[in-house]
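J.: next comes the sequence, and after it the predicted model I'd like to discuss.
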Amino acid sequence: MKLDSKIPEGPLAQKWDNYKAGQKLVNPANKRNLDIIVIGTGLAGASAAASFGEMGFKVKNFTIQDSPRRAHSIAAQGGINAAKNYPNDGDSVHRLFYDTVKGGDYRAREANVYRLAQVSNDIIDQCVAQGVPFAREYGGTLDNRSFGGAQVSRTFYAKGQTGQQLLIGAYQALMRQVNAGTVDMYTRTEIVDYVIVDGKARGVIARDLVTGEFSRHFGHAVVMATGGYGNTFFLSTNAMGSNGSAAIKAYQKGAAFANPCFAQIHPTCIPVHGEFQSKLTLMSESLRNDGRIWVPKKKEDAEAIRAGKKKATDLSEEERDYYLERRYPAFGNLVPRDVASRAAKERCDAGFGVGTTGLAVYLDFKTAIERLGEDTIRARYGNLFQMYEKIVDDNPYKEPMMIYPAIHYTMGGIWVDYELQTTVPGLFAAGEANFSDHGANRLGASALMQGLADGYFVLPYTIQNYLADDIRTPRMTGDEKEFVEAEAAAKAKFEKLLSIKGNRSVDSLHKELGLVMWDFVGMARNKKGLEEAIEKIAAIKKEFWTNVKIPGSGKGMNVELEKASRLADFITTGDLMARDALNREESCGGHFREEFQTEEGEALRQDDKFAYAACWEYQGEDKAPVMHKEDLTFEVVKVAQRNYK
Amino acid sequence: MDNNISLTLKVWRQNDAQDKGRFETYKLEAVSTDSSFLEMMDILNEQLIGEGKEPVAFDHDCREGICGMCSLYINGRPHGPDDDVTTCQLHMRKFKDGETITIEPWRSAGFPVIKDLIVNRSAFDEIIAAGGYTSISTGGVPDANAIPIPKDDADEAMDAASCIGCGACVATCKNGSAMLFVSAKVSHLALLPQGRVEAARRAKAMVSKMDELGFGNCTNTGACEVECPKGISISNIARLNREFLAAKLQD
């Protein structure tokens, strides 16, 4: 496997301009004869499909949802970063680039991140022109707020619903193209495999989730933008339908999977409350601006609280341990996500956790309410407080919130070069599905930026450079040998799943996998645990393929069959994550190996050994994958240990 | 706070669009009141799978009240007996021990049933495709701060734009009208200078598509506003009527 990052020549700030100046274009008459398949309709998928349609390509866009507007990008709360420097507080493209590389713990590719910072400003212009109702000042200009990991205010937002508004903007642009006839939309349709012809991605096999029927679709190029694989853990902040199957299928067809162990654990989620729990709800990072995080100082108090004999409000200031403020006086409650998550786990593991399970810490607004008044707090966080109260049935104005870390985002993903092309020619990956921009840890408000950057402003250029060589490639009918074989293989897999007729429900197996992932491949990892995890995952795989129970048939809608097919891929993902975590003998960003920490318990990178992206190549079912390295070189950024003390 | 309740569920079962459909009754024991309504449905489905029966199909995704995927007509109310929530945000503490709960799909001519509790809401996409956008393409747009927008207008546009497209407004309307949905989009864009340019064309196109797709007329009962999980105001319908009338007068 050859990993050519295709980083353009020239100084960092001129690489993207140099690329665009030298790239190949496709003339309008030829665009009409070129087909592009886009999988997914989140920020990356919808913005790419809409842009390709506007340019004149013929686009087929697929989503598993009933409407493109349901994609999980919609759930992003906080905001979107851009280097506009409207507040005149010293921001610049360079500074956004620098913060992103540093926030990612120096495990991202400089050239890609710089381009991301460059196009960030275009995204804001684009969204405003679409009618995205960003928050504004009384003077009519756009409002900004600050987020973790930055010293400037560069985050644009639309109430606590920024993801929703940006996605609706992209969705509307997409529906305009559907109306214009340039995009064919396939809803409630899942991609079950890719079709490779002469080494190039030339199409997909789709399964209609309503009828259960399979179909073959040709494209001169294929773009996958199906998000991350956080649901490998069963419990995460991802939507129930979010899955990593399109990525795993790409991996199995020859696309390298990079840094699978880089998963982000968000510190402020509502804790798990019982075994029937289906998902975890995120409380926005912005709450840490005013909320103070603490646990009881004495174990007896923690035990009394867990037993329901004491309440948080019974404890005096002296009896509380504001552990983030204690450990990190400079950043306090505003340390980055990975640091805050680990600190909460450390306290709970040591026996100081609260809640009925002991796996929770307090997020307390008492001081802020005393300082600012309840009305100000309500104006800032009212909708979040209401959401909390609906779920937990506690009033956070009176009793402190309880929070605990949860899986939120995956920085790892399908390896792509500078053009967002995978190691399979003609197959591109965009948004959270690729590994490109966030290194080992993503900063808040950067996921939306990356999704839209890829779809609106990167792929429309780079895909032309690829398609320019394809103007003489005629459309395939779908009757070619490669299409027929791929469809037969996909059908066989679904028939096999239905034929097992075992005793275990899909969810019970998924929960078992999730617990193994959380215990051994979660917030803290070590060699012994990871080796154990690989064995346990293999056992779950065996149990799944011999004992899963799927009622119903392959005809018509069968939700359990859909879930089973995705779980088979989550099991593959889980194994890959554990292997990658085992290989990476250092701690960086979201990846914390207990063997590699400073005396104070902070993450310890090994730059001399691990300054690379680990790219895994599939070797076949039940065979260990092979790892290739893309070395990361830092020409502009000065690599240093992160310090938040 | 570990409270468990037992329930009797009357659930609508329908194999596919052609099937006539019927209610089936299920008993569920020891459901924690801390679980969400959809988690209760998960428990029911685990039980059914254990008994070798087909689980109940229902739409859901984000389970935090924003994707608009979940639906369910619970005891005669879209999204069930709580205010300003989607079904996924409804919790079992709103129900009593021993209660019988009736669960149906959205019922409206515009939303045909696909299976059990799942309906087809693609009509909403068609209405948006008819004109619910600004006709600008990627790139070549002015700087985001080039046109100042009064904060009040931006805030009002945001309130209208917070519609999640769940369809509760249609499901609760005795006429099966989609006016609240259409008016929210028309208002959102008409309130902003970027969307103002096409306001007349948009209002006509979206209303005409809504009529074509079989949604009913609005008779101002206000039920849609009551059931909207996002609190979209019916004042948007008044704005839509003004926009539509003004557009027609220009013809």
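T.: In hand now; what should we look at? Worth saying up front: this structure is predicted, and the values here are computed from it rather than measured.
J.: who touches the residue lying closest to residue A:327 once chain neighbours are set aside in this structure?
T.: Leaving aside its sequence neighbours, residue A:327 sits nearest to residue A:343 (C-beta to C-beta, 6 or more residues apart in numbering or on different chains; 6.4 Å). (Glycine included, C-beta is placed from N, CA and C.) Residue A:343 makes contacts with A:323, A:324, A:327, A:335, as judged by C-beta atoms under 8 Å, 6 or more residues apart in numbering or on different chains.
J.: okay, and which of those residues map to helices?
T.: Using DSSP state H, A:323, A:324, A:327 are the members of those that sit in helices.
J.: can you list the residues you listed in TSV and add neighbour count and pLDDT?
T.: As requested, those are exported to TSV (neighbours: other C-beta atoms under 10 Å in any protein chain shown; pLDDT from 0 to 100):
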residue	neighbour count	pLDDT
A:323	19	97
A:324	25	95
A:327	18	93
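J.: low pLDDT regions in chain A?
T.: Low-confidence segments of chain A (pLDDT under 70): A:149.
J.: return the residues in contact with residue A:313.
T.: A:398, A:399, A:400.
J.: now do it against chain B, distance only.
T.: Look at residue A:313 and chain B: by C-beta to the nearest C-beta, to the nearest Å, they are 16 Å apart.
J.: same check on residue A:80?
T.: 12 Å.
J.: taking chain A, what residue is nearest to chain B?
T.: Residue nearest to chain B within chain A (C-beta to the nearest C-beta): residue A:140, separated by 2.7 Å.
J.: that residue - that's part of a helix, no?
T.: No: assigned with DSSP: H, G, I helix; E, B strand; the rest coil, residue A:140 falls outside any helix and is coil.
J.: that one reaches residue B:151, doesn't it?
T.: Yes: here residue A:140 reaches residue B:151: they are 7.1 Å apart, a contact under C-beta atoms under 8 Å.
J.: the residue nearest to residue B:108 when sequence neighbours are not counted: what's it in contact with?
T.: Among residues not flanking residue B:108 along the chain, residue B:176 sits closest, at 4.2 Å (C-beta to C-beta, 6+ apart). By C-beta under 8 Å, 6+ apart, residue B:176 lies in contact with B:108, B:109, B:110, B:170, B:214, B:215, B:216.
J.: could you identify the most distant pair in those?
T.: Distances among the contacts of residue B:176 were taken as C-beta to C-beta; the most separated pair is B:170 and B:214, at 10.7 Å.
J.: mutual contacts of those two, please.
T.: The overlap between the contact sets of residue B:170 and residue B:214 (C-beta under 8 Å, 6+ apart) consists of B:110, B:176.
J.: neighbour count for these two, which is higher?
T.: residue B:170 (29 against 14; other C-beta atoms under 10 Å in any protein chain shown).
J.: is it true that residue A:408 lies in a helix?
T.: No: remark: residue A:408 does not belong to a helix; assigned using three-state DSSP, it is strand.
J.: for the nearest residue to it once chain neighbours are set aside, which residues count as its bridge partners?
T.: Using C-beta to C-beta, 6+ apart and skipping residues adjacent in sequence, the residue nearest residue A:408 is residue A:266, 3.6 Å away. Counting by DSSP bridges, residue A:266 forms beta bridges with residue A:406.
J.: okay, now residue 45: neighbour count?
T.: Just so you know, I chose chain A. Around residue A:45 there are 31 residues (other C-beta under 10 Å).
J.: please go with chain B instead
T.: Applying other C-beta under 10 Å, I find that residue B:45 has 21 neighbouring residues.
J.: residue contacts, it?
T.: B:55, B:56.
J.: and the next helix or strand past the strand or helix carrying it?
T.: Assigned by DSSP states H and E, residue B:45 falls within helix B:37-50. Moving toward the C-terminus from helix B:37-50, the next helix or strand (DSSP H and E) is strand B:73-74.
J.: can you show me the helices along chain B?
T.: Going by DSSP H, chain B shows helices at B:37-50, B:122-129, B:151-161, B:168-172, B:179-190, B:193-196, B:199-212, B:223-227, B:235-250.
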